[in-house]
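Asks: predicted model and sequence follow; I will ask about them next.
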Amino acid sequence: MSGGRVGKRPVTLKDVAARAGVAAITVSRALREPAAVSAALRARIEQAVAELGYVANHAASSMAAGHSRIVPVVVPTLAHPVYVPFLDGVNAVLDEQGYQVLLGTTEYRQDREARLVEGLLGWAPAGLLLAGVDHTPALRARLQALARTRPLVEFMDLDGEPIDLMVGFSHRAVGRAVADWFADRGFRHIAIVSTGAEHDLRAARRAQAFAEALAARGLRDDYILDGQGPSSIAGGGRLLAELLRRHPQVQAVFLANDDLAAGALFEAQRRGLRVPQDLALMGFNDAPIAAAVVPALSSVAVDRRGMGHTVATLLLERLAGVTPQARVIDTGFSIVARASTDAPPRPTGDLT
């Protein structure tokens with residue numbers, strides 16, 4: 001025997017069972033659901049697997065069972081670490097039950113999402129986790145059919161009609177809350193800055209609700225700037241420079257993420273502007289950089305790891321035949337106020 005083969009044939013489950021001194025069904029259970037067997041027995045089986053070089057044929061087992069133990073997770077991007085805590089929460093729950101995450105990214109393109117999902121379905125997944133609620137009509141119809149046979153969870157957004165299950169928060173509610181938060185503190189010239197909102201529809205919904213909330217208070221709602229290209233710290237600096245060129249009277253800025261907010265902070269400091277005395281800044285996501293810069297950035301916090309935990313738990317419950325108490329779960333958000341907004345608004349007209 002060598003290299004995962006016995007003689008001229010591949011190592012089988014029965015070979016592993018014989019080496020470990022257990023039944024083949026016990027080996028299968030240990031590999032599919034590690035928590036279902038004792039630690040000592042699991043160690044013995046893992047040792048046999050390692051010694052024989054056994055590789056499970058997931059394709060064959062998926063055909064036999066009708067589905068695999070793979071759970072695809074589709075997110076917009078990995079260009080910045082926003083989704084890492086979420087994925088960590090998902091993986092912590094699924095891994096414990098013997099499921100594996102298969103990751104895909106759409107780069108905020110619905111056509112790419114449709115192609116990606118179609119390819120992932122070829123793996124006969126146990127379920128499917130999709131970021132957001134915006135899909136092509138054809139994909140939505142495909143997912144509605146899929147949800148009749150296996151669980152589907154849309155996450156990170158509540159501003160839409162769920163196909164099956166939905167876990168997240170309302171981006172429109174975030175936009176309204178931040179606009180009201182600044183207005184309640186006396187700010188009158190309040191801007192929102194994003195990048196790629198043409199494709200990032202969640203950011204677009206935040207901006208729309210932000211403007212609507214300002215308009216409802218009788219405040220200007222046209223301090224809106226959407227840049228092109230990937231989101232970055234450098235991009236945040238360029239966007240703030242452009243915003244101030246167009247609207248030097250702006251007193252406060254809500255940026256689409258904390259990288260952009262950090263870049264805006266650095267640009268303000270290069271210009272000799274005091275944050276928050278001359279210009280208040282708030283980011284979104286409450287990433288580690290928000291608390292690390294000086295002055296620390298206010299931000300909108302979302303428990304992304306907790307959301308991932310909830311999403312994975314809901315999927316497992318559905319796989320176990322448990323009917324969820326609610327199809328839609330709001331994980332909420334909170335505004336974390338730090339030094340970057342801790343000052344009254346400056347009088348307008350001071351900056352020209």
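Replies: Okay, I see it.
Asks: hmm, which helix or strand of this protein has the shakiest average pLDDT?
Replies: When each helix and strand of the chain is scored by mean pLDDT, DSSP states H and E, helix 58-65 comes last, with a mean of 51.
Asks: which residue is the nearest non-sequential neighbour of the spatially most central residue of the chain?
Replies: Residue closest to the mean C-alpha point of the chain, counted by Cα atoms, centre = their mean, is Tyr83 at 4.0 Å. Counting by Cβ to Cβ, 6 or more residues apart in numbering, Tyr83 lies nearest to Val75, which is 4.6 Å off, once chain neighbours are set aside. (C-beta placed from N, C-alpha, C; glycine too.)
Asks: list the beta-bridge partners for the one you found.
Replies: Thr105 (DSSP bridges).
Asks: quick one: the helices in the stretch 251-352 of the chain?
Replies: Ranges of helices in the stretch 251-352 of the chain, per DSSP state H, counting those that start in this stretch, are 258-270, 288-292, 304-319.
Asks: got these as TSV, with distance to Ala24, mean neighbour count and mean pLDDT columns?
Replies: Shown next, in TSV, are those (distance: least, Cβ to Cβ, whole Å; neighbours: other Cβ atoms under 10 Å; pLDDT from 0 to 100):
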stretch	distance to Ala24	mean neighbour count	mean pLDDT
helix 258-270	51	24	98
helix 288-292	48	16	97
helix 304-319	24	21	97
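Asks: export the ones you listed to JSON lines and tack on distance to Ala213?
Replies: What follows is the helices of the stretch 251-352 of the chain, written out as JSON lines (distance: least, Cβ to Cβ, whole Å):
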{"stretch": "helix 258-270", "distance to Ala213": "20"}
{"stretch": "helix 288-292", "distance to Ala213": "22"}
{"stretch": "helix 304-319", "distance to Ala213": "24"}
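Asks: just to revisit the earlier point, so the residue nearest to the centre of the chain sits right up against Arg305, yeah?
Replies: No: with contact defined as Cβ atoms under 8 Å, Tyr83 and Arg305 do not form a contacting pair (10.7 Å).
Asks: the strands in the stretch 1-150 of the chain, which residues?
Replies: 5-6, 9-10, 70-75, 100-105, 128-131 (DSSP state E, counting those that start in this stretch).
Asks: quickly run through the sheet partners of the last one, with directions.
Replies: Using DSSP bridges, the strands paired with strand 128-131 are strand 70-75 (parallel), strand 152-155 (parallel).
Asks: need the contact list for Ala264.
Replies: Val193, Gly236, Gly237, Leu239, Leu240, Val253, Leu255, Leu281 (Cβ atoms under 8 Å, 6 or more residues apart in numbering).
Asks: near the residue lying closest to Asp342 once chain neighbours are set aside, how many other residues are there?
Replies: Distances taken as Cβ to Cβ, 6+ apart place Pro276 nearest to Asp342, at 5.7 Å, with adjacent residues excluded. Pro276 has 23 neighbours, counted by other Cβ atoms under 10 Å.
Asks: how far away is Pro276 from Ala39?
Replies: Counting by Cβ to Cβ, to the nearest Å, the separation of Pro276 from Ala39 is 54 Å.
Asks: how about Asn285?
Replies: From Asn285 to Ala39 the distance is 38 Å (Cβ to Cβ).
Asks: who's more crowded, the two?
Replies: More crowded of Asn285 and Ala39, by other Cβ under 10 Å: Asn285, with 22 against 9.
Asks: hang on, that one packs against Leu255?
Replies: No: with contacts counted by Cβ under 8 Å, Asn285 stays clear of Leu255, the gap being 10.2 Å.
Asks: ok, back up a step: go through the strands of the stretch 1-150 of the chain and pick out the most buried.
Replies: Greatest average neighbour count among the strands of the stretch 1-150 of the chain goes to strand 128-131 (a mean of 26), per mean count of other Cβ atoms under 10 Å.
Asks: so Glu242 sits in a helix?
Replies: Yes: assessed with DSSP: H, G, I helix; E, B strand; the rest coil, Glu242 lies in a helix.
Asks: how about it, what does it touch?
Replies: Leu225, Gly227.
Asks: okay, it: pLDDT?
Replies: Looking at Glu242, its pLDDT stands at 97.
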